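Asker: this one's sequence-less:
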């Protein structure tokens, strides 16, 4: 089963310094029929103006993944971490029993990032932070496995049965992605346009995929992220 989510019909917010598209209910956008997809709770497609950002604020009991599309993201937290990442790189934070952090764009250009929240498999983990500077070419016309569960083999491992993949697919190329029985995935067309099993996607569209293999055809060079998980919330 596939369901396309048109980005023009998603929740939106414009605070001047921050412009956001919400794939799921968040902040002032509330839709009781659109709270989550499995353990995937949040995907916010954020544009953050230069020299602005999110001031220090708390989180707990959530696995938070930030994926930079353009620009530079600087993270600081109450565990003493302060790190910056750029295009195609990832930072992750297990909020666990509670952590304070901030996220800023100290660069000259607008920052575009995907903020993704995953419901953990248990509450009360010890807070943790990390980041990974993936080589951009490692996702060129092939799937780059970025995130897995604690027993998986991805460079980033979090407290839930999920897998994150990214891909840059050149124009007119095709690639498959299998979604087995008992599994589902959420795809974001980050950049470009594509056709996936007869569905036309443009930049910022989403696609729910349940127990169905997909074939992606890049109408123009395209950039994707896929979050694959169980059909059950653990």
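Answerer: Ah, there it is. This is a predicted model, so every value here is computed, not measured.
Asker: contacts, neighbours, all on C-alpha from now
Answerer: OK.
Asker: Okay, now the unreliable bits of the protein?
Answerer: The model of the chain has pLDDT under 70 over residues 234.
Asker: How much space separates the residue minimising distance to the centre of it from residue 215?
Answerer: Here the mean C-alpha position of the chain is nearest to the C-alpha of residue 116 (CA atoms, centre = their mean), at a distance of 4.4 Å. As judged by CA to CA, to the nearest Å, residue 116 and residue 215 stand 24 Å apart.
Asker: And residue 140, by the same measure?
Answerer: 16 Å.
Asker: for residue 152, same thing?
Answerer: 25 Å.
Asker: Show residues contacting the host helix or strand of residue 129.
Answerer: Under the criterion of DSSP states H and E, residue 129 resides in strand 128-132. Strand 128-132 has contacts (CA atoms under 8 Å, 6 or more residues apart in numbering) with 81, 85, 89-96, 155-156.
Asker: In strands only, show me those residues.
Answerer: 85, 90-94, 156 (DSSP state E).
Asker: Out of those, which is nearest to residue 192?
Answerer: Sorting the ones in strands among the contacts of strand 128-132 by distance to residue 192 puts residue 90 at the head of the list, at 20.6 Å, by CA to CA.
Asker: Return the residues in contact with that closest one.
Answerer: Residue 90 neighbours (CA under 8 Å, 6+ apart): 65-68, 131-134.
Asker: Which members of the residues you listed are classed as buried?
Answerer: Among the contacts of residue 90, those scoring as buried are 65-68, 131, 134 (criterion: 16 or more other CA atoms under 10 Å).
Asker: could those go into CSV alongside distance to residue 41 and secondary structure?
Answerer: Compiled in CSV, the buried ones among the contacts of residue 90 are given as follows (distance: CA to CA, whole Å; DSSP: H, G, I helix; E, B strand; the rest coil):
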residue, distance to residue 41, secondary structure
65, 11, strand
66, 14, strand
67, 16, strand
68, 19, strand
131, 21, strand
134, 24, coil
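Asker: Give me the distance from the strand holding residue 129 to the chain's centre.
Answerer: 15 Å (CA atoms, centre = their mean, to the nearest Å).
Asker: Repeat that for stretch 95-103.
Answerer: That offset, for stretch 95-103, works out to 18 Å (CA atoms, centre = their mean).
Asker: end-to-end on it?
Answerer: End to end - CA to CA - stretch 95-103 spans 14 Å.
Asker: quick one: residue 17 and residue 54 touch, right?
Answerer: No - checked against CA atoms under 8 Å, the pair residue 17 and residue 54 is beyond contact range at 10.0 Å.
Asker: Can you give me the neighbour number for the residue nearest to residue 216 when sequence neighbours are not counted?
Answerer: Distances taken as CA to CA, 6 or more residues apart in numbering put residue 196 closest to residue 216, at 4.7 Å, once the chain neighbours are dropped. Residue 196 has 19 neighbouring residues, counting by other CA atoms under 10 Å.
Asker: Run through the residues that contact residue 196.
Answerer: Residue 196 neighbours (CA under 8 Å, 6+ apart): 214-217.
Asker: Whichever of those end up buried, select them in PyMOL.
Answerer: The PyMOL command for the buried members of the contacts of residue 196 (criterion: 16+ other CA under 10 Å) is given here:
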select buried, resi 214+216+217
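Asker: What helices and strands are in contact with the strand or helix carrying residue 113?
Answerer: Here residue 113, judged by DSSP H and E, is contained in strand 111-118. Using 3 or more CA pairs under 8 Å, 6 or more residues apart in numbering; DSSP states H and E, the elements in contact with strand 111-118 are strand 40-48, strand 63-70.
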